[in-house]
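1. Just to be clear, the model below is a prediction. Sequence and coordinates:
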Amino acid sequence: MPHLVFVPCFSELDMKKQDSEIQEPEMSAESPSGDGSAGQLQEVPGSPEGTDLQRDTEVKTGGKEITLLMQTLNTLSTPEEKLAGLCKKYAELLEEHRNAQKQMRVLQRKQTQLIQEKDQLRSEHSKAILARSKLESLCRELQRHNRTLKEDGVQRARVEEEKRKEVTSHFQVTLNDIQAQMEQHNERNAALRQENMELAEKLKKLIEQYELREEHIDKVFKHKDLQQQLVDAKLRQAQELLKESEDRHQREKDFLLKEAVESQRMCELMKQQEVHLKQQLSLYTEKFEEFQNTLSKSNEVFTTFKQEMEKMTKKIKRLEKETTMYRSRWESSNKALLEMAEEKTVRDKELEGLQGKVQRLEKLCRALQTERNELSKRVQGVAGPGQGPGGAMQAPQPTDSIPAASPGSPALEAPPSSPTCHCSAESELEVAPEGSVVTAQE
């Protein structure tokens, strides 16, 4: 029975060679991934414990197959039938082994594809981290929101790292299961297909999580754009308010300047009227002095011209009427002069009030200018280093302030009135008629 011993040994050696050829492509397919799990997978077959276990399993499976084969061969009668049965069994085993090799190659391709997808996910994850760092540098004003985003990103990165570790550990477990269960062809292949489907579902979940992360990053970008638009709208509103306040201040300044010019013109008119009235008053005083002189002359010659006394008394009465008329005129002119003086004081008070308003408006203008400068500085601070020195908004030049009119300026001062002359003239008017009456009685 030499054939019975030789043929099974040959088939067992051939199976061992084919198993070693299958394990070598597995190691070569796992080596490009470069992670720790592949290194662990490469170290396990090379360890003495792994080789002993593998040899034990191979011996056990080989012994079982040999016993089964010997039992089937013992049922046959002739050596030719036994040799034919052995060849048929060997052909079946070879066909099954080739099918297993094909399935193993398909699994290796899927494994390389999964490794490439994992590397792509790593690169995309690094790109997402770079994008997050850029967002942190750009969004310094939103530190709280960025911190929460950073914490969420770190937490998600940890979750993804844990999931990646789980996936790699699961890969390692599945690969170990594939290496340990290569001889169990049909049943173990179905289990491997199921595990690959689970891995595909997990990878789909990872892809969905990554898409959700991309959507979250897009939302963050949109939120930043909306905040930038809000800041721009607030800046435009502040500029419009500043422009409106400047226009209102300019209108008020023009109105006050017009009122000041009008009050100065009225003051000059009042001064001219005062000068005209003073001239009339001096003319009336000259006439009154002439009348007094004539009256004194008439009193001197009254003793010598008694025969003309009646005529002179009539003339004196007529002159008294004229004096009363002149006195009433003088009183009316003096009253008008007093009214003009009161009106002048009122105008002076109004002018002082207008000057106070002008000073207050100047202070308001300066306050608005300082506020505008602060707003422009704040706007420059908000613009930040994104704009350069040339991109900052240029603040408008401050308008010229209104020159404050001093209360002691010569254009607005009124000449002091001299009521002493009027009083002296009135006293003379009162004395002169009494003297005339006394002389008439004498």
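-> The structure has been received and is ready for your questions.

2. pLDDT below threshold where in this structure?
-> 1-63, 139, 146, 188, 298-299, 301-303, 305, 384-442 (pLDDT under 70).

3. please redo it, this time with the cut-off set to 80
-> Within the chain, the set of residues satisfying pLDDT under 80 comprises 1-66, 69-70, 73, 76-77, 135-146, 149, 175-192, 294-313, 384-442.

4. From the centre of it, point out the most distant residue.
-> The centre of the chain is farthest from one residue, residue 307, which by C-alpha atoms, centre = their mean lies 112.0 Å away.

5. Could you measure from that one over to residue 295?
-> 19 Å (C-beta to C-beta, to the nearest Å). C-beta here means a position set from N, CA and C on the backbone, and glycine is covered the same way.

6. what's the answer for residue 179, then?
-> For residue 179, the distance to residue 295 - C-beta to C-beta - is 155 Å.

7. Then residue 192?
-> Using C-beta to C-beta, residue 192 is found at 152 Å from residue 295.

8. again, but for residue 109
-> Look at residue 109 and residue 295: by C-beta to C-beta, they are 147 Å apart.

9. Looking at the two, which one has more neighbours?
-> residue 295 (18 against 11; other C-beta atoms under 10 Å).

10. Which helix or which strand is home to that one?
-> Assigning secondary structure by DSSP states H and E places residue 295 in helix 185-300.

11. From the contact counts, what lies against that helix?
-> In terms of contacts (3 or more C-beta pairs under 8 Å, 6 or more residues apart in numbering; DSSP states H and E), helix 185-300 is packed against helix 79-138, helix 143-180, helix 309-383, helix 420-441.

12. which helices and strands sit right next to the longest one?
-> The elements that helix 309-383 packs onto, with contact taken as 3+ C-beta pairs under 8 Å, 6+ apart, are helix 185-300, helix 420-441.

13. I'd like the ones you listed as TSV, with distance to residue 141 appended.
-> Listed next are those as TSV, based on distance: least, C-beta to C-beta, whole Å:
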stretch	distance to residue 141
helix 185-300	8
helix 420-441	77
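
14. ok, back up a step: would you mind measuring from the residue farthest from the centre of the chain to residue 292?
-> To residue 292, residue 307 is 25 Å away according to C-beta to C-beta.

15. same question, residue 85
-> Distance, residue 85 to residue 292, by C-beta to C-beta: 178 Å.

16. For residue 270, which non-adjacent residue is spatially closest?
-> The spatially closest residue to residue 270, leaving aside those adjacent along the chain, is residue 344, at 5.8 Å (C-beta to C-beta, 6 or more residues apart in numbering).

17. Burial check on the one you found, number of neighbours?
-> 18.

18. cool, and residue 350?
-> Taking other C-beta under 10 Å as the definition, residue 350 ends up with a neighbour count of 14.

19. For the closest residue to it other than its chain neighbours, give me its contacts.
-> Nearest non-adjacent residue to residue 350, counting by C-beta to C-beta, 6+ apart: residue 263, 6.4 Å away. By C-beta atoms under 8 Å, 6 or more residues apart in numbering, residue 263 lies in contact with 347, 350, 351, 354.

20. how much space between residue 263 and residue 219?
-> 65 Å.

21. got it, and residue 66?
-> Relative to residue 219, residue 66 is positioned 67 Å away (C-beta to C-beta).

22. now residue 95
-> Separation of residue 95 from residue 219 (C-beta to C-beta): 57 Å.
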